[in-house]
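>>> okay, here's the prediction I keep looking at, along with the sequence it came from:
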Amino acid sequence: MRSLSSGYTTWRLRRQAPVTRMAAPPARRAPLWPTFSIVFLLCLPSIFPPIALTVLNGMLVGLAAAVVLFTNRHVDRRLLVIISLVSVVAVLGFVGGRDAPIYEYFKDAWYVANPVLVMLAGYTLYAMKPDLGRGLRAFVIAGLIVACWQLRGYFIDPTIITLPAATIRRLIGTGSYVPVLGLVILIVFVGHWRSALKLPSWLGGLFIVVMATAVAGVFSRSALVVVAIGVAALIGCFGRREWWRVGLPAVLLVLAGYIAQLYVDTESDYALQTYGGKLARTLQELTVGDSLGARDINLNFRAFETNRALDQYAAAPVHEMVFGQGFGATVDLGITMPLQITDTGFRGVRHIGIFHNGYIFLLTKVGMVGLLLYVGVIAYLYGVGRRRADGPLADPEVRAGRLFQFAVVTLAATTYFIAGVFNRTDMFPVLLLIGFLLAHWREQVQARPRGIAPLPEPAAAGRARG
């Protein structure tokens, strides 16, 4: 009798299966505007000032917040963690700098809040069009467009290729990181362009050549570092037990830098004009102390401003060392430097509030507590990516996890020498990508398998009926 009952239950479920399929509503085509928005936002810094990006991102996130409030949707827990930590950092800055000049006060607040706003914009764009492949393809297409824009100088006057690297950078600019990100996406998904990015192989090969040429054509050391981080992420250097693969190359690079300083006259005019000379000077620019000569200060300004900021931090009261001097705080350089560009040329500046080293920015404004909180955000994001980066590279989701690791490690590294997370334009595409991938993984968790639910085991169905 039990066997008969079990067979009847199975027959009834299978009988209802076609009805379930027919009753399912037809899938709606995803809108195209989020994909076009990604391309538009990534190309925007080449045309408009950074404040335009902030306004557009604010509008986009504001609309998304209204949808969440009116539809009673749950907010992603990971976003709440990030927003909470950064909010504490902002409170430290607002409280500590309440007596600062109003412009500097709110400019620092913008620098701290803007990275979160950009990540939320990327999150919103994926939520509006949950398609990982086409979204990443939009990043690649934007990289191609900006790469062509960067290469225009070589097409207008091909003879500039014969000039020194420093002269070329003055003529065509220092370049954008949008082609760098597009290049890294193609590298991470190499062999899976058609299946993962919906991109024909021959077209992906053409894109990678154009973007690689554009990245090499601006002679940027930091862009070279970012591409190297992408390759390291692809081969699994940031896995659970693979840190030796990172440590060994890092030590070898440092040794190579010191050896280069021994055999290359980094103070010569030739070294200052060539890309090889710039590479040889890298460690010197980052580690030089409080230089006295005006020429040394100008050549090694990154390290000089860091040294002055650390001296001021060490002389501050204990409560300012712990909680910072607040938004609007500045560092006295000790000399007047021609740093501000005006209509009539450069204007001398003695006190600065923005630094090449983003960690120094945090230490000055929000102290050790704020610095640790912001580093905590980066560490949290790194943990999110590491959980999804383990596995075979045949799985596109593993490659997406390694792409996420690349983005987070890039933020951590570039914050040291080009302000990274606080750089309003350079790291904008990386921050947008982080928010985009966070939304992708939330959609994966929330998604339910389409079609018919698995049939219960006959024995279990019989026991339930009995």
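Thanks, I have it. Numbers count the residues shown, from 1 in each chain.
>>> show me where the stretch 51-200 of the chain has helices.
Counting by DSSP state H, counting those that start in this stretch, residue ranges of the helices within the stretch 51-200 of the chain are 77-96, 102-128, 132-156, 165-172, 178-188, 193-197.
>>> apologies, that question was intended for the stretch 251-400 of the chain.
For the stretch 251-400 of the chain, the helices identified by DSSP H, counting those that start in this stretch occupy 269-273, 275-287, 294-299, 301-314, 318-323, 358-389, 396-417, in order along the chain.
>>> closest to Ala109 out of those?
helix 358-389 (9.5 Å; CB to CB). In short, each C-beta sits where N, CA and C put it, glycine included.
>>> quick one: distance of that closest one to the chain centre.
Between the mean C-alpha location of helix 358-389 and the chain-wide mean there is a distance of 13 Å, by CA atoms, centre = their mean, to the nearest Å.
>>> and it, which residues are buried?
Residues of helix 358-389 classed as buried by neighbour count (16 or more other CB atoms under 10 Å): 358-367, 369-371, 373-374, 377-378, 381-382, 384-386, 388-389.
>>> next one: stretch 157-174
Those would be 164-165, 168-169, 172, for stretch 157-174 by 16+ other CB under 10 Å.
>>> could I get the CA-only coordinates of that stretch as CSV?
Extracted as CSV, the C-alpha positions of stretch 157-174 are listed here (Å, rounded to 0.1, in the frame of the first residue of the first chain):
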residue,chain,number,x,y,z
ASP,A,157,51.8,63.6,-34.9
PRO,A,158,53.6,60.2,-35.1
THR,A,159,57.0,61.8,-34.6
ILE,A,160,56.4,62.3,-30.9
ILE,A,161,57.3,58.6,-30.4
THR,A,162,60.9,59.7,-30.8
LEU,A,163,60.8,62.2,-27.9
PRO,A,164,61.8,61.4,-24.3
ALA,A,165,59.1,59.8,-22.1
ALA,A,166,58.7,62.9,-19.9
THR,A,167,58.1,65.1,-22.9
ILE,A,168,55.5,62.7,-24.4
ARG,A,169,53.6,62.7,-21.1
ARG,A,170,53.5,66.5,-21.1
LEU,A,171,52.1,66.4,-24.7
ILE,A,172,49.5,63.6,-24.5
GLY,A,173,48.8,63.5,-20.8
THR,A,174,49.4,61.0,-18.0
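>>> residue numbering should commence at 207 henceforth.
Got it, first residue is 207 now, which makes that one stretch 363-380.
>>> for it, what is the average pLDDT?
For stretch 363-380, the mean pLDDT works out to 85.
>>> so what's Val396 scoring on pLDDT?
With respect to pLDDT, Val396 has a value of 93.
>>> what is the helix or strand containing Val433 packed up against?
Using DSSP states H and E, the element containing Val433 is helix 427-440. Contacts of helix 427-440 with other secondary structure elements, assessed using 3 or more CB pairs under 8 Å, 6 or more residues apart in numbering; DSSP states H and E, are made with helix 384-394, helix 449-469, helix 481-493, helix 602-623.
>>> next secondary structure after the last one?
Secondary structure here is assigned by DSSP H and E; on that basis, the next helix or strand after helix 602-623 toward the C-terminus is helix 634-652.
>>> where does the stretch 457-606 of the chain have low pLDDT?
Within the stretch 457-606 of the chain, the ranges that satisfy pLDDT under 70 run 457-502, 504-505, 544-553.
>>> repeat for the stretch 307-456 of the chain
Applying pLDDT under 70 to the stretch 307-456 of the chain flags the ranges 446-456.
>>> output the buried residues of stretch 363-380 as a markdown table; include the columns distance to Ile244.
Conversion of the buried residues of stretch 363-380 to a markdown table gives the following (distance: CB to CB, whole Å):
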| residue | distance to Ile244 |
| --- | --- |
| Pro370 | 36 |
| Ala371 | 32 |
| Ile374 | 30 |
| Arg375 | 28 |
| Ile378 | 25 |
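>>> for Gly445, grab the count of nearby residues.
Counted by other CB atoms under 10 Å, the residues lying close to Gly445 total 17.
>>> contacting residues for it?
Taking CB atoms under 8 Å, 6 or more residues apart in numbering as the definition of contact, the neighbours of Gly445 are 592, 595-596.
>>> ok, Ile288 next?
Applying CB under 8 Å, 6+ apart as the definition, the contact partners of Ile288 turn out to be 322, 325, 583, 586-587.
>>> how about Ala270?
326, 329-330, 333.
>>> between the residues you listed, which is closest to Ala522?
Lowest distance from Ala522 to the contacts of Ala270 (CB to CB) belongs to Leu326, with 33.4 Å.
>>> can you count the residues close to the closest one?
Using other CB under 10 Å, Leu326 has 26 neighbouring residues.
>>> how about it, what does it touch?
Leu326 sits in contact with 263, 267, 270, 285, 641, where contact means CB under 8 Å, 6+ apart.
>>> by neighbours, which of the residues you listed wins?
If you count neighbours using other CB under 10 Å, the busiest of these is Gly641, which has 27 neighbours.
>>> correct me if wrong: that one contacts Gly328.
Yes - counting by CB atoms under 8 Å, Gly641 does reach Gly328; the two are 2.8 Å apart.
>>> just send the contacts of Ile288 back as a markdown table, with distance to Trp408 too.
Supplementary listing: the contacts of Ile288 in a markdown table, determined by distance: CB to CB, whole Å:
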| residue | distance to Trp408 |
| --- | --- |
| Val322 | 39 |
| Met325 | 34 |
| Val583 | 40 |
| Tyr586 | 40 |
| Leu587 | 35 |
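>>> which one of those is nearest Pro602?
Pro602 lies nearest to Leu587 out of the contacts of Ile288, by CB to CB, at 20.4 Å.
>>> just give the nearest non-adjacent residue to that closest one, would you?
Nearest non-adjacent residue to Leu587, counting by CB to CB, 6 or more residues apart in numbering: Val614, 4.7 Å away.
>>> any figure for the gap between the one you found and Ser243?
Computed with CB to CB, to the nearest Å, the distance linking Val614 and Ser243 is 23 Å.
>>> the more surrounded of those two?
Using other CB under 10 Å as the criterion, Val614 and Ser243 rank with Val614 on top: 24 against 19.
>>> next one: the more buried one from Val590, what distance?
8 Å.
>>> my guess is Leu285 meets Tyr329, correct?
Yes - counting by CB under 8 Å, Leu285 does reach Tyr329; the two are 6.8 Å apart.
>>> for Gly573, give its distance to Tyr580.
From Gly573 over to Tyr580 the distance is 11 Å, taken as CB to CB.
>>> repeat for Ser401
As judged by CB to CB, Ser401 and Tyr580 stand 37 Å apart.
>>> cool, Arg514 as well?
Taking CB to CB as the measure, Arg514 and Tyr580 are separated by 21 Å.
>>> before we move on, what about Thr241?
With distances defined as CB to CB, the gap from Thr241 to Tyr580 amounts to 31 Å.
>>> any chance of the contacts of Gly445 in CSV with distance to Val301 as columns?
What follows is the contacts of Gly445, written out as CSV (distance: CB to CB, whole Å):
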residue, distance to Val301
Arg592, 34
Ala595, 38
Asp596, 41
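>>> just give me the closest of those to Leu430.
When the contacts of Gly445 are compared for distance to Leu430 (CB to CB), Ala595 comes out closest, at 22.9 Å.
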